Every structure is written in C-alpha cells, then in structure tokens.
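**Q** test case, fold it:
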Amino acid sequence: MSASAEVRDQSDSYALLELIQGAVITQAISVAARLGIADALAAAPLSAQDIALRVEADARAVHRILRALSGHGVFAVRADGRWENTALSDKLREDAQDSMRKFALLMSHPLLHEEWGHLLASVRTGEANLPKLRGMSTLDFFHANPAYAAAFFQAFGKVSESETDPVLAAYDFSRFRTVVDVIGGRGHLLAGVLRQAPHARGVLYDFEIATADSASLFEEAGVADRCTVRHGSYLGELPKGADAYLFKRIIHNFSEEDALTALRNAREAIAPDGRLLCIEYLLPEGNERHIGHTVDLWLMLMIGSQDRTLAQYAELFARAGFEIARAIPTTSPISIIEAIPV
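**A** Alright, predicted model coming up:
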C-alpha cells in the first residue's frame, strides 16, 4: 500500500469542523458590528491601527477579527495592508440600506444564547422550550425584559423592512380599494403598498404599543390622509369589507389552532372579491438550503409554531375557507401567497 493511500482523507471532518465553528464567526461579526468597524471604514480604507483608534479597541485584536472575517468575505485587505468594506461588511453599517447590524447585535445577546442552549429539549419533546425555561409565554417575557425585546424586534424589524421593496416589485397592489395590514407593526409595508396604489385606502391593525410612531411614518411616506390605525389583538375581529388583507410573517408565528382562527377571522371580514396575501417563507419540498429551514428552528424553540411548504399552506387555508390562487416568489427569500375566499 502506498504512503499516500495510508493517509486518511479528513476533508469531510474539516468541512464539518468549519460548520461547527460557525458560532465563532457569528460572534466575530457581532463584535465587529458592536464596535462599528464597518462604519469606521465607510469613508475610506484604514489600517488596523487607525480602525482601533476610532472604535476604541486593541489594534492587534482588531487585525485578528478582520483576518478571520475576511476569509468569509466580510471585510477585505488591500495590497497596502489597509482594510476596506466588502459588499457583505457594508451591510453592517448602521446607516446602510437593508442593514443587518441590528441582527448581528442580537446574535450576541446573552439571553438569546441561553435560549438556544435549550434547543435539545425542544427536539426531544417537539414543544417550544422558551416558555418552560422562562416560566411565561414568549410575549410576556418580552414585556418583562424590554431591553431584550427592543433588541429582538429591532433585529427582525430590519430584516422585515428589507423585504418590502421585493414584495412591492413582485405584486401589483394598485387594483385594491382598501388594504388592511394585519399586525403590521409601524406600517412600513402598508405605506409602500399605498404609494403603489394611489387610489386605495389603508388600515393598519395592531396593538397600540406597536403603532406608537406610525403616524410619523405615514406622514413621511405621504399617505397619512389615506391611512387609519385600528387597535386589536392577534386573534381579534378584523376590520370588515376590505378587498385585501395582508398577513406578513403572521401565520408562521401561530400554532395550528391559532393560525386557523386568524385565517377564519380574515375569511369572515374579507369582501367577496377580495384577496388574502400571506407573505411568508415557503419551504421547498426538498431539503436544499433555505433560510426558512433555519427560521423554522427559531419558531420551534420559542413559540412552538412552524414554517410550511406550499402544500401545507394549501391544506391549512382550505380548512379556513380559502383557496390558494398562486404563490409569487420575490427577489428576497420570502414569497407572496395569494388566496381567494371560497
């Protein structure tokens, strides 16, 4: 046997090792975001020493963070030794369009780390573990820990906002008369829809606390005169008679029972010629890589809900009195599921 044949092929082991160490890269990105390294590099390339002075950190440690991240396309070094932003690190800037800085900060929050340390319990039981860990529902825990809640919702809010333009580009909202955005938060999506549909009126439906600064957003968007705000609960009676109801990232947050309640509430409220537009991750029928598979683990751990395939959504919608007319992909990972009342 040749010497080369005796050497074990360890490529699979090292490939797995790199995946296992993904948490290290996550923390390095989070540290870079917290220090504001990408913001420091926004104007021009800098040496590690100059970066360290601007972000108040150790120069050698900054170099080592940048060196590790550059191998993953986050930051790059020039021939003269100065560091610069890449397309990826540019999204760590606070003022970047579609910035991911808030999400990077969330991923280093100690409460989040504690929660993910209990994923095993959810896999063993098939039930959400966060309520057991905290002794209260996820929503109650957020109310009891406002700083963590702010970090969490700011992170996911920025991701949600980054999906608005792809949704608006993929679907023509101009035919609608009245659009109700159910649990629409500040109303970022609804404002975009009303700009696209100049003759439509909009209703933002959410908890009072979620809509506290919606008026200023609608004023800035130039749609305040065509938009009203209604307050209600996740599973409450919806404003009636609209010909479009938006459910963006709502159904995947609910248990099967609550999802049916929300959909049936929409069925009761919707105009006969109306459209229900659920904007969600659509899981592929196969097991190829998809961000929805990762988000599905968050849902399992925190609230016991799930993301779904198109076939699973079709079955769920049918039980609530809707038929899926089509599923529209966008340039983001999210899709628009258009359903009609039957």
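
**Q** so, low pLDDT: which residues of the stretch 1-150 of the chain?
**A** 1-8 (pLDDT under 70).

**Q** of all the residues in the one helix or strand residue 268 maps to, which ones are buried?
**A** Residue 268 is part of helix 256-269, with elements assigned from DSSP states H and E. Buried residues in helix 256-269, counting neighbours by 16 or more other Cβ atoms under 10 Å, are found at 258-263, 265-267, 269. Just so you know, the C-beta spots here come from the backbone N, C-alpha and C atoms, and that holds for glycine as well.

**Q** repeat that for stretch 114-123.
**A** Those buried within stretch 114-123 under the rule 16+ other Cβ under 10 Å are 115, 122.

**Q** what of stretch 133-140?
**A** 133-134, 138.

**Q** just stretch 278-285 next, same as before
**A** 278-283.

**Q** filter these down to just the ones in strands.
**A** 278-283 (DSSP state E).

**Q** could the residues you listed be laid out in JSON lines, adding distance to residue 116 and pLDDT?
**A** Shown next, in JSON lines, are these (distance: Cβ to Cβ, whole Å; pLDDT from 0 to 100):
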{"residue": "278", "distance to residue 116": "27", "pLDDT": "97"}
{"residue": "279", "distance to residue 116": "26", "pLDDT": "97"}
{"residue": "280", "distance to residue 116": "23", "pLDDT": "96"}
{"residue": "281", "distance to residue 116": "19", "pLDDT": "95"}
{"residue": "282", "distance to residue 116": "25", "pLDDT": "96"}
{"residue": "283", "distance to residue 116": "21", "pLDDT": "95"}
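
**Q** what does stretch 37-53 contact?
**A** 32, 54-55, 57-63, 65-66, 75, 78, 81-85, 89-96, 101 (Cβ atoms under 8 Å, 6 or more residues apart in numbering).

**Q** filter those residues down to the buried ones and hand me the ChimeraX line.
**A** Only the buried entries of these go into this ChimeraX selection, using 16+ other Cβ under 10 Å:
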select :32,54,57,62,63,65,66,75,82,83,85,89,90,91,92,93,96,101
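
**Q** just the ones of the contacts of stretch 37-53 in helices?
**A** 32, 54-55, 59-63, 65-66, 101 (DSSP state H).

**Q** farthest pair in those?
**A** 60 and 101 (24.2 Å; Cβ to Cβ).

**Q** the strands in the stretch 51-200 of the chain, which residues?
**A** 76-77, 83-84, 178-182 (DSSP state E, counting those that start in this stretch).

**Q** find the nearest non-adjacent residue to residue 35, please.
**A** Nearest non-adjacent residue to residue 35, counting by Cβ to Cβ, 6 or more residues apart in numbering: residue 55, 4.2 Å away.

**Q** check contacts around the one you found.
**A** 35-37, 40, 62.

**Q** and the furthest pair within those?
**A** 36 and 62 (11.6 Å).

**Q** residue 173 is in contact with residue 200, isn't it?
**A** Yes. At 7.1 Å, residue 173 and residue 200 qualify as touching, with contact defined as Cβ atoms under 8 Å.

**Q** what touches both of those two?
**A** By Cβ under 8 Å, 6+ apart, the residues touching both residue 173 and residue 200 are 179, 193.

**Q** which residue sits closest to residue 76, ignoring its sequence neighbours?
**A** residue 86 (5.0 Å).

**Q** show me the residues around the one you found that make contact.
**A** Contacts of residue 86 by Cβ under 8 Å, 6+ apart are 73-76.

**Q** quick one: buried ones out of the residues you listed?
**A** Buried among those (16+ other Cβ under 10 Å): 74-76.

**Q** which member of those is positioned nearest residue 148?
**A** Closest approach to residue 148 among the buried ones among the contacts of residue 86 (Cβ to Cβ): residue 74, at 25.5 Å.

**Q** from what I see, the closest one and residue 33 are in contact.
**A** No. Under the criterion of Cβ under 8 Å, residue 74 is not in contact with residue 33, lying 10.2 Å apart.

**Q** how about residue 153, nearest residue that isn't a chain neighbour?
**A** Closest to residue 153 by Cβ to Cβ, 6+ apart is residue 142, at 7.8 Å.

**Q** please report how far the one you found lies from residue 302.
**A** 10 Å (Cβ to Cβ, to the nearest Å).

**Q** these two: which has the busier surroundings?
**A** Neighbours per residue, other Cβ atoms under 10 Å: of residue 142 and residue 302, the larger number sits with residue 302, 22 against 16.

**Q** hang on, isn't the more buried one packed against residue 133?
**A** No. With contact defined as Cβ under 8 Å, residue 302 does not count as touching residue 133 (10.0 Å).

**Q** mutual contacts of the two, please.
**A** With Cβ under 8 Å, 6+ apart as the test, residue 302 and residue 133 both reach residue 115.
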